[in-house]
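A.B. asks: would you be able to build a 3D model of this:
(4 chains)
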2 protein chains.
Amino acid sequence: MTGLRERKKQATREALREAALRLALERGPDNVRVDDIAEAAGVSPRTYNNYFAGRDHAIVAAVTAERESRIAAAVAASSAPLASAVVEAVVAEHHNPGERGRDTLLLITTHPSLRAAYADSAESLEGPLADAIAARIDDTSTATVLAACVAAAVRVGLQQWLGQAQKVGALVVPPGPLEEPLRAALAPLAPALTAAEKPA
Amino acid sequence: MTGLRERKKQATREALREAALRLALERGPDNVRVDDIAEAAGVSPRTYNNYFAGRDHAIVAAVTAERESRIAAAVAASSAPLASAVVEAVVAEHHNPGERGRDTLLLITTHPSLRAAYADSAESLEGPLADAIAARIDDTSTATVLAACVAAAVRVGLQQWLGQAQKVGALVVPPGPLEEPLRAALAPLAPALTAAEKPA
DNA sequence: CACGAAACTTGCGTGCACGCAAGTTTGCGT
DNA sequence: ACGCAAACTTGCGTGCACGCAAGTTTCGTG
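C.D. replies: Residues are numbered from 1 along each chain as shown, chains lettered A, B, ... in the order given. Model (predicted):
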């Protein structure tokens, strides 16, 4: 039941993402204003803000699009213990930058304001993941808390990873594998996830 | 070693908090602009933003001032197991609205944008608490993650509490005790805190 | 098919966050 | 006591977020 409405919304969202990314790669992120993105996507500047809350969100979304939903779906579908289901879903979805993601991530790691926006993108996990966890354990409020914690941990992991970059003098170094910091950040949460799963 | 510099900074910060709160109570938060607060505190509007990142931060800060540091200090000083040290410190520091806090909290719970700001104030726990936890377990990166999780949980607890309010029709109801939602939100984290404390 | 409600877009206006580059104050070493 | 360096304040300019109130498109229903 995907009406025309929904398809148009997705199309606009994607158009904005694409436009934002293209312009950012062409001119550098600092030389892209919201108005430019909106114009390139063929909508009004005001509409941009109906889709994205901040200027960089659209650029970052070109990499992170739909990631939350896929993670949530994976957790809901997995038959592994909750703790590992979550960790594996998160790691898996972050591990494939997906071709064009490579240069985009380089752009993001290079640029301070984009780094912040990228780290914050973990926050969008909270809602979907809460639903997924709630479906597995039967305690909505615990699920909410745990989802918030996972999101926070992912954010910390991303920050750690981003911090690794750019350390070597003035030379910009694409950071190492994201997997390790992510697992490290999620590890301390495992006991909480496990405890929540057991009937008591 | 508190030089003149530091004392002046605290004075300005407090002046801004007080001015913000006073004006908000007088006129209602929507009729207070940043310029008004700055003027009332005797500094330039630009300086306001050197102290507070958002418009409502100053108002909320009148209630939450220094809370983070006190919680962090309590955790660092406590000899109880980490999990209960954290919970008790958080609960204790949130439980005393402190006289004038009463009406201020009513103002905050009443007003949507202030509610968001209040919930977000939990975020400021992250840094100080991370240090305090790091001092107790000996693993900085785990401490960072756990602090982020505690902050997230506190935020969820506050949101829960704020949600309770205003439920009864159009009648504004001062929400019940904050303690219960807070404890409930922190409970799922206990296993993680406990596990981090044990040598392995 | 027609039509009313609900969703979405858009222009406009307002207040705000924040970088930058002076100007001013504080602190410290000699 | 002096003067330099670092910290803090301020004015200014720019781009942005977002409420609001029309205007437009989509959708379910009779």
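A.B. asks: would you indicate which residues of the worst-scoring helix or strand of chain A on mean pLDDT are buried?
C.D. replies: Every helix and strand of chain A was ranked by mean pLDDT, DSSP states H and E. The lowest is helix A:100-110, at a mean of 88. Using 16 or more other CB atoms under 10 Å in any protein chain shown as the test for burial, helix A:100-110 gives A:104-109. Glycine gets a C-beta too; all of them are placed from N, C-alpha and C.
A.B. asks: do stretch A:68-80 as well
C.D. replies: A:68-69, A:71-72, A:74-76, A:78.
A.B. asks: in helices only, show me the residues you listed.
C.D. replies: If you go by DSSP state H, the buried residues of stretch A:68-80 have A:68-69, A:71-72, A:74-76 in helices.
A.B. asks: also within reach of DNA strand C: list those from these.
C.D. replies: Counting by CB under 7 Å from any atom of the strand, nothing from those sits close to DNA strand C.
A.B. asks: hmm, back to that, moving C-terminal of the least confident helix or strand of chain A, what's the next helix or strand?
C.D. replies: helix A:112-120 (DSSP states H and E).
A.B. asks: for the helix or strand just after that following helix, C-alpha coordinates in CSV please.
C.D. replies: Per DSSP H and E, helix A:112-120 leads on to helix A:126-136 as the next helix or strand towards the C-terminus. The C-alpha coordinates for helix A:126-136 follow below in CSV (Å, rounded to 0.1, in the frame of the first residue of the first chain):
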residue,chain,number,x,y,z
GLU,A,126,16.8,5.2,19.0
GLY,A,127,13.2,5.0,17.8
PRO,A,128,13.3,2.1,15.4
LEU,A,129,15.6,0.0,17.6
ALA,A,130,13.4,0.6,20.6
ASP,A,131,10.5,-1.0,18.7
ALA,A,132,12.7,-3.9,17.6
ILE,A,133,13.9,-4.6,21.1
ALA,A,134,10.5,-4.2,22.6
ALA,A,135,9.3,-7.0,20.2
ARG,A,136,11.9,-9.3,21.6
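A.B. asks: so what secondary structure elements neighbour helix A:126-136?
C.D. replies: Helix A:126-136 makes packing contacts with helix A:67-77, helix A:82-95, helix A:140-164 when contacts are defined by 3 or more CB pairs under 8 Å, 6 or more residues apart in numbering or on different chains; DSSP states H and E.
A.B. asks: so which of those is the most surrounded?
C.D. replies: Most buried of the helices and strands packed on helix A:126-136 by mean neighbour count (mean count of other CB atoms under 10 Å in any protein chain shown) is helix A:140-164; its value is a mean of 23.
A.B. asks: flag every buried residue along the next helix-or-strand element following it.
C.D. replies: Sequence-wise, the next helix or strand downstream of helix A:140-164 (DSSP H and E) is helix A:179-186. Buried residues in helix A:179-186, defined by neighbour count with 16+ other CB under 10 Å: A:181-182, A:184-186.
A.B. asks: I would like the residues contacting helix A:179-186, please.
C.D. replies: Helix A:179-186 is contacted from outside by A:86-87, A:90-91, A:94-95, A:150, A:153-154, A:156-158, A:160-161, A:164, B:141, B:145, using CB atoms under 8 Å, 6 or more residues apart in numbering or on different chains.
A.B. asks: can you redo the ones in helices among the buried residues of stretch A:68-80 as TSV with distance to A:Arg22 and pLDDT?
C.D. replies: Converted to TSV, these look like this (distance: CB to CB, whole Å; pLDDT from 0 to 100):
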residue	distance to A:Arg22	pLDDT
A:Glu68	23	96
A:Ser69	24	95
A:Ile71	26	98
A:Ala72	29	98
A:Ala74	30	98
A:Val75	33	98
A:Ala76	34	97
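A.B. asks: which of these are close to chain B?
C.D. replies: Residues shared between those and the neighbourhood of chain B: none [CB under 8 Å from any CB of the partner chain].
A.B. asks: which of these sits closest to A:Ser124?
C.D. replies: Distance to A:Ser124 across these (CB to CB) is lowest for A:Glu68, with 4.9 Å.
A.B. asks: now do the contacts for that closest one.
C.D. replies: Taking CB under 8 Å, 6+ apart as the test, what A:Glu68 contacts is A:124-125, A:127-129.
A.B. asks: same question, A:Ala195
C.D. replies: Taking CB under 8 Å, 6+ apart as the test, what A:Ala195 contacts is B:188, B:190-191.
A.B. asks: chain B contacts on chain A?
C.D. replies: Taking CB under 8 Å from any CB as the contact definition, chain A meets chain B at A:141-142, A:144-146, A:148-149, A:151-153, A:155-156, A:160, A:184-185, A:187-192, A:194-196.
A.B. asks: show me what the least confident helix or strand of chain A is packed up against.
C.D. replies: Contacts defined by 3+ CB pairs under 8 Å, 6+ apart place helix A:100-110 against helix A:4-27, helix A:57-64, helix A:112-120.
A.B. asks: what's the angle from the shortest one to helix A:100-110?
C.D. replies: So that's helix A:57-64. 130 degrees (axes from the mean of the first three to the mean of the last three CA atoms, to 10 degrees).
A.B. asks: which parts of chain A sit against DNA strand C?
C.D. replies: A:5, A:8-9, A:12, A:43-47, A:50.
A.B. asks: what do you get if the cut-off is 6 Å, keeping everything else the same?
C.D. replies: A:5, A:9, A:12, A:43-44, A:46-47, A:50 (CB under 6 Å from any atom of the strand).
A.B. asks: closest to DNA strand D out of those residues?
C.D. replies: Within those, proximity to DNA strand D (CB to the nearest atom of the strand) peaks at A:Arg5, which comes in at 3.7 Å.
A.B. asks: tell me, how many residues neighbour that closest one?
C.D. replies: 8 (other CB atoms under 10 Å in any protein chain shown).
A.B. asks: go on, A:Thr64?
C.D. replies: Neighbours of A:Thr64 using other CB under 10 Å come to 20.
A.B. asks: try A:Asp35
C.D. replies: Counted with other CB under 10 Å, A:Asp35 comes out at 11.
A.B. asks: what helix or strand is it on?
C.D. replies: Using DSSP H and E, A:Asp35 falls within helix A:34-41.
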